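J.: just need the structure, nothing else, for what follows:
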Amino acid sequence: MSQPAITHLLRARWAVPAVVAVLSAGVFALFSGHLIDDTYITLSYARNLALHGHWGLIQLGTSNTATSPLSVLVLAVLTFIVRNAVVAAGVLYVACQVVTYLGLLRLGKRAGLPSWFPLVTVVLLTVNPLLVSSVGLEVGFGAAALVWLLVYTVERR
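T.: Okay, here's the model as predicted:
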């Protein structure tokens, strides 16, 4: 393969995921100032774990009432890296949207669906008011995991 052909292939392969990432980052930037209280509770757990090594909503007491411990752990790792729980939630949101797109792309190809299926589906998920209201919670993380569980199940057959 010639160099221009390889460059074109790489651009084509990563262009749509890049668009999904930019759209998702824009949605997060637009709504990050309006996160719901449950999101801030989850982010408090993540921040306390990442920055203080403490599992709890507040630093004064250990707690075991986090809705999704796996989501808290992933957010804590990202918070440890970026040092800000809200930014970590944005990174996770964008990553989950891209991962969901890539999974839907594989499922769509396997099922013979039109090439626009994964992008339109992710855009509709991205602008869905119910899902936008849950940004920062485990919903996007769970959706990405579910899509890839389906990919694994379908491709195993």
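J.: grab the nearest non-local neighbour of residue 52.
T.: residue 59 (6.1 Å; Cβ to Cβ, 6 or more residues apart in numbering). Any C-beta I mention is one placed from the backbone N, CA and C, and that applies to glycine too.
J.: distance check, residue 54 against residue 38.
T.: Note on residue 54: its distance to residue 38, by Cβ to Cβ, to the nearest Å, is 20 Å.
J.: between those two, which one's more packed in?
T.: For residue 54 and residue 38, the more surrounded residue by other Cβ atoms under 10 Å is residue 54, and the numbers stand at 17 against 13.
J.: contacting residues for the nearest residue to that one once chain neighbours are set aside?
T.: Distances taken as Cβ to Cβ, 6+ apart place residue 48 nearest to residue 54, at 4.7 Å, with adjacent residues excluded. Each residue near residue 48 by Cβ atoms under 8 Å, 6 or more residues apart in numbering is listed here: 54-59.
J.: just the closest of these to residue 85, please.
T.: residue 57 (12.6 Å; Cβ to Cβ).
J.: OK, contacts around the closest one?
T.: Counting by Cβ under 8 Å, 6+ apart, residue 57 touches 41, 44-45, 48, 63, 65.
J.: most neighbours, which of these?
T.: residue 45 (28 neighbours).
J.: what sits against that residue?
T.: Residue 45 sits next to 55-57, 63, 66, 72, 75-76 when contact means Cβ under 8 Å, 6+ apart.
J.: determine which two of these are furthest apart.
T.: 63 and 75 (15.6 Å).
J.: one step back: the residue nearest to residue 54: which element?
T.: helix 37-52 (DSSP states H and E).
J.: run the chain-centre distance for that helix.
T.: Its chain's C-alpha centre and that of helix 37-52 lie 17 Å apart, by Cα atoms, centre = their mean, to the nearest Å.
J.: what of stretch 45-65?
T.: So, by Cα atoms, centre = their mean, the centroid of stretch 45-65 is 22 Å from its chain's centroid.
J.: give the buried residues for it.
T.: 45-50, 54-57 (16 or more other Cβ atoms under 10 Å).
J.: out of those, which is nearest to residue 154?
T.: residue 46 (32.5 Å).
J.: ok, and the closest non-adjacent residue to that closest one?
T.: The shortest distance from residue 46 to any non-neighbouring residue, by Cβ to Cβ, 6+ apart, is to residue 75 (3.6 Å).
J.: can you name the next helix or strand after the host helix or strand of that neighbour?
T.: Here residue 75 sits within helix 69-82, counting by DSSP H and E. The first helix or strand that comes after helix 69-82 along the chain, using DSSP H and E, is helix 85-111.
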